[in-house]
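**Q** Structure for this input, please:
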Amino acid sequence: MFFTKGVGVHKDRLASFEAALRDAGIEKCNLVYVSSIFPPNCQELSKEKGLEHLKAGQITFCVMARMETNEPNRLVTAAIGLALPTDNNTYGYLSEHHSYGETAEKAGEYAEDLAATMLASTLGIQFDADLAWNEREQVYKASGQIFKTNNICQSAEGNPDGLWTTVLASAVLIIE
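**A** Predicted coordinates for the structure are as follows:
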């Protein structure tokens, strides 16, 4: 699996999405959206290495977060969160988050928190849902059961001339 993100701007909504896919490097694939499981024993690749495995027209599974606007200067954000267990034989979680008016940092942390919370509940880790993300992150990692959390996020302000602006973040699965 690899992670990528992109932004596109165009007068047409669909063409704006296509431009974001091009920016992310995944425009040549037939994308099939899947739910948010990081498979057991799956390896995380760099974007560059992952793109080498894609062929034009292939069916490609991905987890996708996408947001768009044609409102001038409106902030749009799309993020994917990741939480991996210590045991590689156990599945991890991905989460999608897309929002208006939220900074990339805030949206990325939210997506990461969501993925980690889903994984923690699956692993039976006890936590206080009312704690702030940075406090829960410490509880999760201190359990010894969660190895890694991370996020990828793309944000952009809507085009000042009212053109469609699309942002996306994606986790792309490579099946061999």
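**Q** Tell me if I'm right that E112 and N150 touch.
**A** Yes: at 6.4 Å, E112 counts as touching N150 under the criterion of Cβ atoms under 8 Å. (Each C-beta comes from the backbone N, C-alpha and C, glycine too.)
**Q** intersection of neighbour lists for those two?
**A** By the contact definition Cβ atoms under 8 Å, 6 or more residues apart in numbering, E112 and N150 are jointly contacted by 81-82.
**Q** Neighbour count: the two, which is higher?
**A** Using other Cβ atoms under 10 Å as the criterion, E112 and N150 rank with E112 on top: 24 against 16.
**Q** Please tell me how far that one sits from E105.
**A** Computed as Cβ to Cβ, to the nearest Å, the E112 to E105 distance reads 11 Å.
**Q** Contact partners for S36?
**A** Counting by Cβ under 8 Å, 6+ apart, S36 makes contact with 63, 93-96, 115, 118.
**Q** Quick check on it: phi, psi?
**A** phi -110, psi 50 (degrees, to the nearest 10).
**Q** Going forward, the N-terminal residue is numbered 24.
**A** Okay, residue one is now 24; in that scheme the one you just asked about reads as S59.
**Q** which residue sits closest to it, ignoring its sequence neighbours?
**A** Nearest-residue entry for S59: L117, 4.1 Å, with adjacent residues in sequence omitted and distances by Cβ to Cβ, 6 or more residues apart in numbering.
**Q** Specify the local secondary structure of that neighbour.
**A** Classification of L117 by DSSP: H, G, I helix; E, B strand; the rest coil places it in strand.
**Q** quick one: it from A192, how far?
**A** Relative to A192, and taking Cβ to Cβ, L117 is found at 10 Å.
**Q** Give me the more crowded residue out of those two.
**A** More neighbours surround A192 than the other of L117 and A192, with 32 against 27 (other Cβ under 10 Å).
**Q** Tell me which residues of the helix or strand bottoming out on mean pLDDT in the chain come out buried.
**A** In the chain, no helix or strand scores lower on mean pLDDT, DSSP states H and E than helix 156-165, which sits at a mean of 84. Within helix 156-165, the residues that count as buried by 16 or more other Cβ atoms under 10 Å are 156, 159-160, 162-163.
**Q** Equivalent analysis for stretch 25-36, please.
**A** 25-33.
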